[in-house]
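Novice: Sequence plus the predicted model coming up.
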Protein chains: 2
Amino acid sequence: MSVADAWAVRRESSGRYTATVHPGWDIAGATDGGYLMAMTAQAVLAETGRTDPVTMTAHYLEPARPGPVVVDVQTLRSGRHRTAAAARLLSGEGRLLLSSLAVAGEQACTSEQAAPLVSDGTPPSLPPPERCALVEPTQGFPPPFMGRVRLRLHPEDAGIFAGRPSGTALMRGWFALGEQEPLSSTSVLLAADSFPPPVFNADLPVSWTPTVELTVHVRARPVGVWLACAFRTRFVSGGYLEVDGELWDSTGRLVALSRQLALVPRG
Amino acid sequence: MSVADAWAVRRESSGRYTATVHPGWDIAGATDGGYLMAMTAQAVLAETGRTDPVTMTAHYLEPARPGPVVVDVQTLRSGRHRTAAAARLLSGEGRLLLSSLAVAGEQACTSEQAAPLVSDGTPPSLPPPERCALVEPTQGFPPPFMGRVRLRLHPEDAGIFAGRPSGTALMRGWFALGEQEPLSSTSVLLAADSFPPPVFNADLPVSWTPTVELTVHVRARPVGVWLACAFRTRFVSGGYLEVDGELWDSTGRLVALSRQLALVPRG
């Protein structure tokens, strides 16, 4: 069984898919938003017949719990190169947990197709995974979710687990699924919401920051097993913060830009 | 008549609004995406009874033309501080032009409420509006739309109109509505898609870049008449590019972060 099986969907009828939210993918009792986005994306790809997400936005309406869920997908417009769709994730009892808009298409997957015309950025500078900080989940902090995937944090950003925030709202590290399990373009959506909040390194009295909205632009289909990731928060104001992410694959190619808006509970 | 009247909506019944796409708000024949987002947001605010957008994502499905339109709004979840809604903009003939997800709430509007806990950024350094480059619209380039609002570009970024791109995919400048017309939080959505594409300054063979998806996080209600704005494109690859925007008001406060995914037509 691969890790990616945890967000697989089954087609029930036209536009209707079922899936199971597996236990242990939660943070503070709520299922991780990236996991739910990856699951929703699987249904969008199945319904549209496309291979990759291009852009996806999810609004998180209620916390999801382990158990059966339904994903309803409605195609909004289909063109030659891409299809736009709306998707909703509902609990077994029919409660609306997530509402989403997506464009699916076919990502460039060879170096030649994906060669950028402009690339003003580079992967984060990270020690190799075996020299980064392993995140060892507990029932509390770090949460169980972080044991479902492989996270290796930059040593300079990993002091949060020992009560030593770096002072800068930055979180860098490696992401992978299982041992040698190849990344897919939907696993990139999961990766975009898998790291501890960068604001934990800013030494503010904030707790977990629930995601209001997450948007991921998938810019290439990832190659290899590891993603080099960097997440940054620049503005915490008015009860909200943003998290901006860059995700790069093992060939040094940008595979996604992510941004989320999250709540800042008054600590 | 204020400029903002151009994206006003009328309530027809529960969840149903009508409006008029005014002529002259187009770029290369398609109505500006920020204008359509501002119009859709007006319907969301009217339906939810909230004062300000918090985050809004629009997917652009077909070009909009001048004439009557309908905005359908569905409330997804309403809490104490915010309401999530889905909204769709349809042409008079019932064609789906735009699909949207939004969260509306009440933005902090005093300095004290909006005082940031973290602010890792400053407004772009701009000469005063009267010493920036006035964008004088034509029937072609710059497009008529840019005469509906007041744009003043940073002199270093304004060479595109004279065939002298700066070499960097950056576009900075001032945005305002009419003379002395105060900004609203929906006009921020318009501003987020009002400037010439930063990639025009990168000296690539690209034409207008149609927006696939635009997301705007409104972080404060703007004060004053002018917004100081900076838009940047860092990655052009696989037929897409992103545009990241920062919008600051006259008190030096961040009022919005924007990001769009746009197509790069092969020039």
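Specialist: Received the coordinates, thanks.
Novice: Quick check: the gap between the nearest residue to residue A:119 once chain neighbours are set aside and residue A:129.
Specialist: Once flanking residues are discounted, residue A:119 sits nearest to residue B:235: 5.7 Å by CB to CB, 6 or more residues apart in numbering or on different chains. (Each C-beta comes from the backbone N, C-alpha and C, glycine too.) Separation of residue B:235 from residue A:129 (CB to CB, to the nearest Å): 25 Å.
Novice: Compare the two (neighbour count), which wins?
Specialist: Taking other CB atoms under 10 Å in any protein chain shown, residue B:235 and residue A:129 do not tie; residue B:235 has more neighbours (21 against 17).
Novice: Residues of the stretch 51-200 of chain A that sit close to chain B?
Specialist: Contact residues (CB under 8 Å from any CB of the partner chain) of the stretch 51-200 of chain A with chain B: A:54-55, A:57, A:59, A:61-62, A:76-77, A:81-82, A:84, A:86, A:96, A:99-101, A:103, A:107-108, A:113-121, A:169, A:199.
Novice: following the lowest-mean-pLDDT helix or strand in chain A, which helix or strand comes up?
Specialist: Least confident element among the helices and strands of chain A, by mean pLDDT, DSSP states H and E: helix A:111-114 (a mean of 57). Later in the chain than helix A:111-114, the nearest helix or strand by DSSP states H and E is strand A:118-119.
Novice: Give the other helices and strands that that following strand contacts.
Specialist: Helices and strands touching strand A:118-119, by 3 or more CB pairs under 8 Å, 6 or more residues apart in numbering or on different chains; DSSP states H and E, are strand B:235-237.
Novice: Figure out how far the strand it packs on is from the centre of its chain.
Specialist: Offset of strand B:235-237 from its chain centre (CA atoms, centre = their mean, to the nearest Å): 21 Å.
Novice: Paired strands for it, with orientation please.
Specialist: Paired with strand B:235-237 in the same sheet, following DSSP bridges, are strand A:118-119 (antiparallel), strand B:240-248 (antiparallel).
Novice: Buried ones in the longest one, by neighbour count?
Specialist: Going back to what we said before, that points to strand B:240-248. For strand B:240-248, a neighbour-count test (16 or more other CB atoms under 10 Å in any protein chain shown) marks B:240, B:241, B:242, B:243, B:244, B:245, B:246, B:247, B:248 as buried.
Novice: Double-check the first one against residue A:217; I have them as touching.
Specialist: Yes - contact between residue B:240 and residue A:217 holds when scored by CB atoms under 8 Å: they sit 7.4 Å apart.
Novice: which residues do these two both contact?
Specialist: A:54, B:261 (CB atoms under 8 Å, 6 or more residues apart in numbering or on different chains).
Novice: which stretches of chain A have low pLDDT?
Specialist: Scanning chain A with the threshold set as pLDDT under 70 gives A:109-114, A:139, A:266-267.
Novice: Counting by contacts, list what the longest helix along chain A packs against.
Specialist: Of all segments of type helix in chain A, defined using DSSP state H, the longest is helix A:33-48. Judged by 3+ CB pairs under 8 Å, 6+ apart, helix A:33-48 is in contact with strand A:16-21, strand A:52-60, strand A:67-78, strand A:82-91, strand A:96-105, helix A:185-191, strand A:211-218.
Novice: ok, back up a step: show me what contacts the residue nearest to residue A:119?
Specialist: A:116, A:118, A:119, A:120, A:121, A:219, A:254, A:257, B:241, B:242.
Novice: Separate out the buried members of those.
Specialist: Among the contacts of residue B:235, the ones that count as buried (16+ other CB under 10 Å) are A:116, A:118, A:219, A:254, A:257, B:241, B:242.
Novice: ok, how many other residues are close to the residue lying closest to residue A:233 once chain neighbours are set aside?
Specialist: Distance criterion CB to CB, 6+ apart; nearest residue to residue A:233, sequence neighbours excluded, is residue A:169 at 4.0 Å. Residues near residue A:169, counting by other CB under 10 Å, number 25.
Novice: from memory residue A:169 sits against residue B:119, does it?
Specialist: No - contact criterion CB under 8 Å: residue A:169 and residue B:119 do not qualify, at 10.8 Å.
Novice: Residues in contact with both of the two, list them for me.
Specialist: A:234, A:236.
Novice: Beta-bridge partners for residue A:241, please?
Specialist: With DSSP bridges as the rule, residue A:241 is bridged to residue A:236, residue A:262.
Novice: That one contacts residue A:212, correct?
Specialist: No - taking CB under 8 Å as the definition, residue A:241 is not a contact partner of residue A:212, at 10.1 Å.
Novice: Now for residue A:79: which residues touch it?
Specialist: Applying CB under 8 Å, 6+ apart, no residues qualify as near residue A:79.
Novice: Kindly report the same for the one 10 residues further on.
Specialist: Taking CB under 8 Å, 6+ apart as the criterion, residue A:89 is in contact with A:36, A:39, A:40, A:64, A:69, A:70, A:71, A:96, A:97, A:98, A:99, A:100.
Novice: In contact with the nearest residue to it once chain neighbours are set aside: list those residues for me.
Specialist: Leaving aside its sequence neighbours, residue A:89 sits nearest to residue A:98 (CB to CB, 6+ apart; 4.1 Å). Counting by CB under 8 Å, 6+ apart, residue A:98 touches A:36, A:37, A:40, A:58, A:59, A:60, A:61, A:64, A:88, A:89.
Novice: Show me which of those is closest to residue A:180.
Specialist: Set against residue A:180, the nearest of the contacts of residue A:98 by CB to CB is residue A:37 (24.2 Å).
Novice: Please tell me how far that closest one sits from chain B.
Specialist: As defined by CB to the nearest CB, to the nearest Å, residue A:37 lies at a distance of 13 Å from chain B.
Novice: what's the answer for residue A:202, then?
Specialist: Residue A:202 is 6 Å from chain B, by CB to the nearest CB.
Novice: Now for the closest residue to that residue other than its chain neighbours: which residues touch it?
Specialist: Distances taken as CB to CB, 6+ apart put residue A:169 closest to residue A:202, at 4.1 Å, once the chain neighbours are dropped. Taking CB under 8 Å, 6+ apart, we find residue A:169 in contact with A:198, A:199, A:201, A:202, A:232, A:233, A:234, A:236, B:118, B:120.
Novice: Need the buried ones from those selected in ChimeraX.
Specialist: Those of the contacts of residue A:169 that count as buried under 16+ other CB under 10 Å are selected in ChimeraX with:
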select /A:198,199,201,202,232,233,234,236 /B:118
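Novice: count of residues packed around residue A:252?
Specialist: Quick note: residue A:252 (other CB under 10 Å) scores 12 neighbours.
Novice: Give me the nearest residue to it, chain neighbours excluded.
Specialist: Counting by CB to CB, 6+ apart, the residue nearest residue A:252 is residue A:123, at 5.8 Å.
Novice: Is the one you found in a helix, a strand, or coil?
Specialist: coil (DSSP: H, G, I helix; E, B strand; the rest coil).
Novice: For residue A:255, see how far away it is.
Specialist: 10 Å.
Novice: between those two, which one's more packed in?
Specialist: Each of residue A:123 and residue A:255 has its neighbours counted (other CB under 10 Å); residue A:255 has more, 25 against 19.
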